[in-house]
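>>> Need the 3D shape of this:
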Amino acid sequence: MKIAAFVPALLLALAGCQNLLRSPDADAQAIVNRRVLGLSAGEFFQRYGAPRRREESSDGTLAFVWEGGLESVPAGVYGPEELICGLQLRADRRGRIVAASIVRDGKGQRGLSRCAELFE
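Residues are numbered from 1 along each chain as shown. Predicted coordinates:
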């Protein structure tokens, strides 16, 4: 096989492998970031429910621990506690969310990530 024909075939094969190597957690974090970053904390909590904990820093920024997505499901291998998405949120002094890190991500009902399901 000539090199000129081999290189494009190799690049196509490597591009296909990239999707296999991508972590479901990375995909879920990207989905959360698209939906959450830039929202006001008040708007987020009105839409998705109240935080479990709130802390204010001396510089006026806020940190929140939020858990959501708990749904009533039939008893089985995955109990309701597995259908939870937990986020650590940080908001600037204006109350806008600037960071939303997934700290707990149970298996979803339709896929590998409960957080991805909630914020799709």
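
>>> Which parts of the chain are strands?
When secondary structure is read from DSSP state E, the chain shows strands at 53-56, 62-68, 85-91, 97-105.

>>> Just say which of those strands is most tucked in.
Scoring the strands of the chain by mean neighbour count under mean count of other CB atoms under 10 Å gives strand 85-91 as the most buried, with a mean of 21. C-betas here are computed from N, CA, C, even on glycine.

>>> So which of the strands of the chain is nearest residue 27?
Taking CB to CB, strand 97-105 is the member of these nearest to residue 27, at 10.8 Å.

>>> Give me the contact list for stretch 95-108.
Stretch 95-108 is contacted by residues 25, 28-29, 32-33, 36-42, 44, 62, 65, 67, 69, 78, 81-92, 113-117 when judged by CB atoms under 8 Å, 6 or more residues apart in numbering.

>>> average pLDDT across that stretch?
Regarding stretch 95-108, the rounded mean pLDDT is 94.

>>> wait, doesn't residue 113 sit right on residue 29?
No - counting by CB atoms under 8 Å, residue 113 does not reach residue 29; the two are 9.2 Å apart.

>>> Among those two, which residue is more densely surrounded?
Taking residue 113 and residue 29 together and counting by other CB atoms under 10 Å, residue 113 has the greater number of neighbours (23 against 18).

>>> Quick check: closest non-adjacent residue to the more buried one.
In space, and not counting its chain neighbours, residue 113 is closest to residue 28: 3.9 Å by CB to CB, 6 or more residues apart in numbering.

>>> what sits against that neighbour?
Counting by CB under 8 Å, 6+ apart, residue 28 touches 102, 105, 112-113, 115-116.

>>> what do you get if the cut-off is 6 Å, keeping everything else the same?
For residue 28, the residues meeting the contact criterion (CB atoms under 6 Å, 6 or more residues apart in numbering) are 105, 113, 115-116.

>>> any idea of the pLDDT on it?
96.

>>> What of residue 51?
Residue 51 carries a pLDDT value of 97.

>>> Now do the phi/psi pair for it.
Backbone dihedrals for residue 51, given as degrees, to the nearest 10, come out at phi -80, psi 160.
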